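>>> The following block contains a protein sequence and its predicted model.
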There are 6 protein chains.
Amino acid sequence: MNDYKAFNVSVADKVAHVVINRPEKINAMNADFWREIIEIFQWIDDTDEVRAVVISGAGKHFSSGIDLMMLASLGSQMGKDVGRNAEKLRRKVLELQASFNAIDQCRKPVLAAIHGYCLGGAIDMIAACDMRYATHDAQFSIKEIDIGMAADVGTLQRLPRIIGDGIMRELAYTGRTINGEEARSIGLVNRTYESSEALLDGVMGIAGEIASKSPIAIRGTKEMIRYMRDHRVDDGLEYVATWNAAMLQSADLRVAMTAQMSKQKPEFED
Amino acid sequence: MNDYKAFNVSVADKVAHVVINRPEKINAMNADFWREIIEIFQWIDDTDEVRAVVISGAGKHFSSGIDLMMLASLGSQMGKDVGRNAEKLRRKVLELQASFNAIDQCRKPVLAAIHGYCLGGAIDMIAACDMRYATHDAQFSIKEIDIGMAADVGTLQRLPRIIGDGIMRELAYTGRTINGEEARSIGLVNRTYESSEALLDGVMGIAGEIASKSPIAIRGTKEMIRYMRDHRVDDGLEYVATWNAAMLQSADLRVAMTAQMSKQKPEFED
Amino acid sequence: MNDYKAFNVSVADKVAHVVINRPEKINAMNADFWREIIEIFQWIDDTDEVRAVVISGAGKHFSSGIDLMMLASLGSQMGKDVGRNAEKLRRKVLELQASFNAIDQCRKPVLAAIHGYCLGGAIDMIAACDMRYATHDAQFSIKEIDIGMAADVGTLQRLPRIIGDGIMRELAYTGRTINGEEARSIGLVNRTYESSEALLDGVMGIAGEIASKSPIAIRGTKEMIRYMRDHRVDDGLEYVATWNAAMLQSADLRVAMTAQMSKQKPEFED
Amino acid sequence: MNDYKAFNVSVADKVAHVVINRPEKINAMNADFWREIIEIFQWIDDTDEVRAVVISGAGKHFSSGIDLMMLASLGSQMGKDVGRNAEKLRRKVLELQASFNAIDQCRKPVLAAIHGYCLGGAIDMIAACDMRYATHDAQFSIKEIDIGMAADVGTLQRLPRIIGDGIMRELAYTGRTINGEEARSIGLVNRTYESSEALLDGVMGIAGEIASKSPIAIRGTKEMIRYMRDHRVDDGLEYVATWNAAMLQSADLRVAMTAQMSKQKPEFED
Amino acid sequence: MNDYKAFNVSVADKVAHVVINRPEKINAMNADFWREIIEIFQWIDDTDEVRAVVISGAGKHFSSGIDLMMLASLGSQMGKDVGRNAEKLRRKVLELQASFNAIDQCRKPVLAAIHGYCLGGAIDMIAACDMRYATHDAQFSIKEIDIGMAADVGTLQRLPRIIGDGIMRELAYTGRTINGEEARSIGLVNRTYESSEALLDGVMGIAGEIASKSPIAIRGTKEMIRYMRDHRVDDGLEYVATWNAAMLQSADLRVAMTAQMSKQKPEFED
Amino acid sequence: MNDYKAFNVSVADKVAHVVINRPEKINAMNADFWREIIEIFQWIDDTDEVRAVVISGAGKHFSSGIDLMMLASLGSQMGKDVGRNAEKLRRKVLELQASFNAIDQCRKPVLAAIHGYCLGGAIDMIAACDMRYATHDAQFSIKEIDIGMAADVGTLQRLPRIIGDGIMRELAYTGRTINGEEARSIGLVNRTYESSEALLDGVMGIAGEIASKSPIAIRGTKEMIRYMRDHRVDDGLEYVATWNAAMLQSADLRVAMTAQMSKQKPEFED
């Protein structure tokens, strides 16, 4: 599970650690990155042993976003016909989006641990994670506005569900950089830490806590919250009733209740 | 109006006070609770005299959530066929949801005053109220994760409309306990108070304020906000125009405007 | 472009400044106001030179909301038949809503700079803007409740997408006045300033910053955020891919990237 | 199960037969009718033995629609305030709608067998059924237009999902009467019969056929079709996958497959 | 009301007759057409006297669709930048769509009487009408496919709600011409007539019938059907209840009922 | 392109012919079938040369639906825990659905040519195609009801958009077999043919006609119709305007118009 060019992936105590691993390029997102991330999250989704995921960046920064070389190479593939170019571009954008959809649709909770730069495409990426944690001095910027384009791999679609509408627009229109502390105050990250070491420790702790719960219950909970992002309350109530029709027949309830009564830590099957 | 086993209900100055009244069981939600709450809110909805509602808990806590005995008894009703069990469970969950839907759909504003424990099912309940207020040291936890199940009577459906997505997921996955102060900082409660006496005083004051307004205007306002939780802005604009087509012909506007000009307190019919 | 009775409109450095200009009436919204605002925003939308808009109020206040004389005159137009009156009222409300829809649908970002009173209809108005900034001591109140009606020109439809559900309901039910500072803490305004001069300076600075970006990119970004207010994440992703299919073929990307590399300020065509 | 004033209800061979039983009043829908129909369908939904339902009318006609006396009595309950009257009327309409929602939401298929008049409210009623069958000379009319109102208990909401948009509008605007044959050609009824005896025989045969299938499969099928009336294809696919997650573990599949292979008629538990 | 270049408009017996009047150009839709149709339907919507509308074509044909000269002139307005061209085209298409939206949103029923050619844009137009009637030998074709583009002023959006999905796709992909008889069999038109005279007679008769009904009831009915094209059944039920809360207080019900009982023709106020 | 076990795929004159090729098993859908169909349609989507697709069955029948052996093997993979089984089944159903989604989402029109049996899963399959054509004596049955389950790979989700609600329910509840002629009369197939040879000839002719049109226009048209199945009319109008913003700049319009004027057959680039 570790033959990746743009990533380093490891698993310990039921938590997968996915490290963006191109520190010499400020973890810029190149073609390898976009392709491998789908494989990695497919593997995570299929591997019962993994119950939670932490994403972080190797080196001094989380990521500077999409590799500009890669973006430029797209331009060179354009032909003469505007219509056919449009179709090609549309499909390319959908393809890039699919990489972060893989994070969003992963059945296990994904926690982003952010330090240093988190720019452009990196914001699109963390917006697809379940939770975000950062160092005080991490730097966030919706950088796409400065390369003359509307962000198109998720920031403008997922971030409005995470932070307030007023501040969302300001950050998207101006590309203004905010630090970890401001990110926390607007709800972009849940908590900040003094250093990148403290950050990783803290996030691993939360991920470990999640990994100790019933995996059936965690996955059901994630599915329900994901569902509510785009559905009505009445539909959500009907959906969870249908979902739990099967899941309440699982052994995990009995295991959990028994543990609860005996004040012991429950052990759930993968 | 006071023959309830799990509740104590009173009305004063057009405000109904619904007290969960099983303090010896930390106000755990038993079968009586689930059935009576529908009757109570049906009665409130039908009673013109009542214009606002306050829910609180008797004794040291708001509520510890669903009665585990009740949950366990569900298990004993299961038969051999997984499919038929699933249908039974699905209908049972929908039935429990209906109890809190009665709060959500009540035409009069419902304010929760929370002190002590507010755990599991109690979170589902307050998520169906209009506003929440708490003591500094109240304790909130989405406890369902610790009994091995996805919360299914409203927390995962309504809370994402009330608090931010990032913190929502953390609380739902970990079951972490937060106090009144943190609850306020994330928008779960509107304000915190020093003591449960100050809390009840404060909340009754707000409820009284609401009860002094035009009931026609209050009910229209609640309906419009409820509607926007699940509908588009353009649909909402059309809906309020249709609604007000009748309501702007009510006498309450004249009463309100006259009072406004004469600087007197308006008196609205029930 | 300056023959307006209720407004004063000017343009400088690609930023339009729209000033509500009835200070002797606390900028109350009369018939001129409702009609002219549509013309103004139509003109802004059609004028390539304008890239961002600032709205403020002349004199000591932003606006006291709808002119009560105008509201009263509506009453005098009512006939005998409740049904036909209802149709007339419904169409009138839709007509008033159209005035603020013109702000909401304007392709260029609109920033509200608020000082003094911002009451009733003025809240409906700023809820249709992209961002809101205020002085510390600005005063906000959803005043409609006190004239016996549910707000029907946008507050109850757009504000729930901007501030939290719990505080939204409290403000709408009670009409409680909050100042700039509280408005900031609940996300209603992005930032507060000491004085109205500092406010206008600050907001003009942000607007100028926005006006310096690629107009193609800004308009795409606004459209995407507007779209997400009412659509699903998957629909939003498909929409931005379709949109960018054409827009990524614009010269603005090349201009922006060249500027980025040469560390110079890019100049974009209108 | 047969103490109804407006109905006659019987069960044979797992099929419930609900007969509107006020032939002397052309089966006009009076207060008893609206109340009892909820009880009846609640009972049907709860009674495992019943697997399909047939609705027909006693005497020469199916039903002439709402009892005009009942409608008139509504008028006499109106007070002076247009707004409060509006609220009362809105709740009354919602209450009447609930009666036909009980048919729509019943988990067992409901077949309407129609002869003679089927006017006004009777169209609203059959639009809430799963399937409709009629005699050649049955007479259908959306009669509400002729009493000066928009149909408000389901015709305008459910019929557009059943028949084409163009013919829907013509019938709703003109109130034109169509016979069984035309009703069949536009998809309002599935089949026509020579006489009311042949009709009832035929419909009972179809209901019997349905009652012989796996009740788990029938209820799942109805739920899925009901769901698709108002949801997206992708949501529908996800919903059926979640539903069948439990239901494919039912014994009914084994029973059905065994019967299939042995060419025998399967026997399913209620 | 008759200074139109592309139309001839008259009113008789409360029915407006809108005739496309460029017979020498096979009623091709030129710039006048697109602008005037908005004015006409605005006028119709505002004129209480008009209760129903008939659209037909002068000369031998209904209309050959968009004027190709006009389409070609669009091309000449394109500049160098693909992105800015795209914005211009997008706005132009939205502008053309607005012309047919004016028909769709008109509160009074609109009936199309079609003879001869009904091609391309003409299909987009009739898809925005309430009902369609034709001569046996009328000729319909979704011609846009043959000029290398996806139809973008309504055919692909509204027709799928009117005719079946399978035949819809065949006609849109192939541009195959169908006659009045086939159009009737697939539900595109409600009825066919022998000659254009018989057609106009017949359609005027239906429009006259509609004009004799309560205008309050007709407009409510149209709004409800329009609403259901895009909304859920439960939303539709709530919407009609809210609508009728005012409308059931109209005098038209009394007028209609009195007429019904006295077997006389009711006379409704405009 | 022809190493498939369950299919035979060929291309001629820009039309791909996909033949289900297990005639000795009545073309039952086995594991090869479900996997290969995704590869095939991925390849078709990516291959510019292919502009339209025809699906048919080798031998005497179209297909008897899912291979019962495959279904049975699913059962053997079930473990002890109902909850974990449910998760596995849910994912398996989603996986099977993905096979037919590949047809639905293919950008090129897909025509089904059906003769002999078309049962169970085969109905799910043809419901994902654009158009359906059949022999007079083809036999259609929603067979899933007879193996004790609700159809879960598309029939219950897509067919209600294709045929009427009333007949849909009858066929789904009873599993009744209908022939080609009845299928045509309810809109399930567009046309019927005397023999399977005539059928294939006819369908190839229609596919060839489609392949001669502008591929840009065809793909835009398919996307728009697909979109309208699940979206509002106003959203659809905005979407086509955004789409055509790029596509109207394609050379295909000029090619088509030039051909139109010179009365010659246009030649479009792939």
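That came through, no problem. Numbering: from 1, shown residues only, chains lettered A, B, ... in the order given.
>>> Any idea which helix or strand in chain A has the lowest mean pLDDT?
For chain A, the helix or strand with the lowest mean confidence is helix A:68-76, at a mean of 85 (criterion: mean pLDDT, DSSP states H and E).
>>> after it comes which helix or strand?
Downstream of helix A:68-76, the first helix or strand assigned by DSSP states H and E is helix A:82-105.
>>> For the stretch 101-250 of chain A, which residue gets nearest to chain F?
Taking CB to the nearest CB, chain F has its nearest neighbour within the stretch 101-250 of chain A at A:Ser250, 2.5 Å off. Bear in mind the C-beta positions are built from the backbone N, C-alpha and C, glycine included.
>>> Tell me how many other residues surround that residue.
A:Ser250: 27 surrounding residues under other CB atoms under 10 Å in any protein chain shown.
>>> tell me the pLDDT at it?
At A:Ser250, the model reports a pLDDT of 92.
>>> how close does it get to chain B?
Using CB to the nearest CB, to the nearest Å, A:Ser250 is found at 7 Å from chain B.
>>> right, and that residue touches A:Arg219 too?
No: using CB atoms under 8 Å, A:Ser250 is not in contact with A:Arg219, being 11.0 Å away.
>>> number of nearby residues for the residue lying closest to A:Asn85 once chain neighbours are set aside?
Counting by CB to CB, 6 or more residues apart in numbering or on different chains, A:Met78 is the residue found nearest to A:Asn85 once chain neighbours are left out, at 4.8 Å. If you count neighbours by other CB under 10 Å, A:Met78 ends up with 16.
>>> Report the contact partners of A:Met78.
By CB atoms under 8 Å, 6 or more residues apart in numbering or on different chains, the residues touching A:Met78 are A:Asn85, A:Lys88, A:Leu89, C:Gln249.
>>> now do A:Asp252
By CB under 8 Å, 6+ apart, the neighbours of A:Asp252 are A:Ser214, A:Pro215, A:Ile216, A:Ala217, A:Phe268, A:Glu269, B:Gly148, B:Met149, F:Gly83.
>>> quick one: the helices in chain A?
A:31-46, A:68-76, A:82-105, A:121-127, A:155-158, A:165-174, A:180-185, A:196-211, A:215-228, A:233-247, A:252-262 (DSSP state H).
>>> Quickly, which of those helices bottoms out on average pLDDT?
helix A:68-76 (a mean of 85).
>>> what's next to the least confident helix or strand of chain A, contact-wise?
With CB under 8 Å, 6+ apart as the test, helix A:68-76 has contacts from A:Ala28, A:Met29, A:Asn30, A:Ala31, A:Leu89, A:Lys92, A:Ile147, C:Leu248, C:Leu253, C:Met257.
>>> how about it: buried residues?
A:Met70, A:Leu71 (16 or more other CB atoms under 10 Å in any protein chain shown).
>>> Can you give the distance of that helix from its chain's centre?
Chain-centre distance of helix A:68-76: 25 Å, with CA atoms, centre = their mean, to the nearest Å.
>>> who wins for proximity to B:Leu171 among the helices of chain A?
helix A:215-228 (10.4 Å; CB to CB).
>>> near chain D, anything from the closest one?
No: judged by CB under 8 Å from any CB of the partner chain, helix A:215-228 stays clear of chain D, getting no closer than 8.7 Å.
>>> counting contacts, what elements does that helix pack onto?
helix A:233-247, helix A:252-262, helix B:155-158, helix B:165-174, helix F:82-105 (3 or more CB pairs under 8 Å, 6 or more residues apart in numbering or on different chains; DSSP states H and E).
>>> can you redo these as CSV with distance to A:Ile142?
Formatted as CSV, the helices and strands packed on helix A:215-228 follow (distance: least, CB to CB, whole Å):
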stretch, distance to A:Ile142
helix A:233-247, 29
helix A:252-262, 40
helix B:155-158, 29
helix B:165-174, 17
helix F:82-105, 30
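>>> Please work out which of the ones you listed is packed deepest.
helix B:155-158 (a mean of 28; mean count of other CB atoms under 10 Å in any protein chain shown).
>>> for that helix, packing partners?
helix A:215-228, helix A:233-247, helix B:121-127.
>>> got the CA coordinates for the shortest one in PDB?
Spelled out, it's helix B:121-127. C-alpha atoms of helix B:121-127 as PDB (Å, rounded to 0.1, in the frame of the first residue of the first chain):
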ATOM      1  CA  GLY B 121     -32.200  11.800  22.700                       C
ATOM      2  CA  ALA B 122     -32.300  15.100  24.500                       C
ATOM      3  CA  ILE B 123     -30.200  16.600  21.800                       C
ATOM      4  CA  ASP B 124     -32.600  15.200  19.200                       C
ATOM      5  CA  MET B 125     -35.300  17.000  21.100                       C
ATOM      6  CA  ILE B 126     -33.800  20.400  21.500                       C
ATOM      7  CA  ALA B 127     -32.800  20.300  17.800                       C
END
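>>> In that helix, which residues are buried?
B:Gly121, B:Ala122, B:Ile123, B:Asp124, B:Met125, B:Ile126, B:Ala127.
>>> Just confirm yes or no for it near chain C.
No: against chain C, helix B:121-127 shows no contacts by CB under 8 Å from any CB, the least distance being 9.7 Å.
>>> what does that helix contact?
B:27, B:29, B:55, B:62-66, B:100, B:103, B:112, B:114, B:118, B:132, B:140-143, B:151, B:153-155, B:157-159, B:162.
>>> repeat for the second one
Identification of contacts with helix A:233-247 by CB under 8 Å, 6+ apart yields A:216-217, A:220, A:223-224, A:227-228, A:231, B:82, B:86-87, B:89-90, B:93-94, B:97, B:101, B:104, B:149-152, B:154, B:156-158, B:161, B:229-230, D:231, D:239, D:242-243, D:245-246, D:249, E:234, F:82-83, F:86.
>>> Those residues of the stretch 51-200 of chain A touching chain F, which are they?
A:Lys80, A:Asp81, A:Val82, A:Gly83, A:Arg84, A:Ala86, A:Glu87.
>>> and with 6 Å instead?
With CB under 6 Å from any CB of the partner chain as the criterion, the stretch 51-200 of chain A meets chain F at residues A:Asp81, A:Val82, A:Gly83, A:Ala86.
>>> Of those residues, which is the nearest to C:Ala198?
Nearest to C:Ala198 among those: A:Ala86, at 45.9 Å, using CB to CB.
>>> Compute the distance between the residue lying closest to the closest one once chain neighbours are set aside and A:Ser63, please.
The spatially closest residue to A:Ala86, leaving aside those adjacent along the chain, is F:Ala246, at 3.5 Å (CB to CB, 6+ apart). F:Ala246 sits 30 Å away from A:Ser63, going by CB to CB, to the nearest Å.
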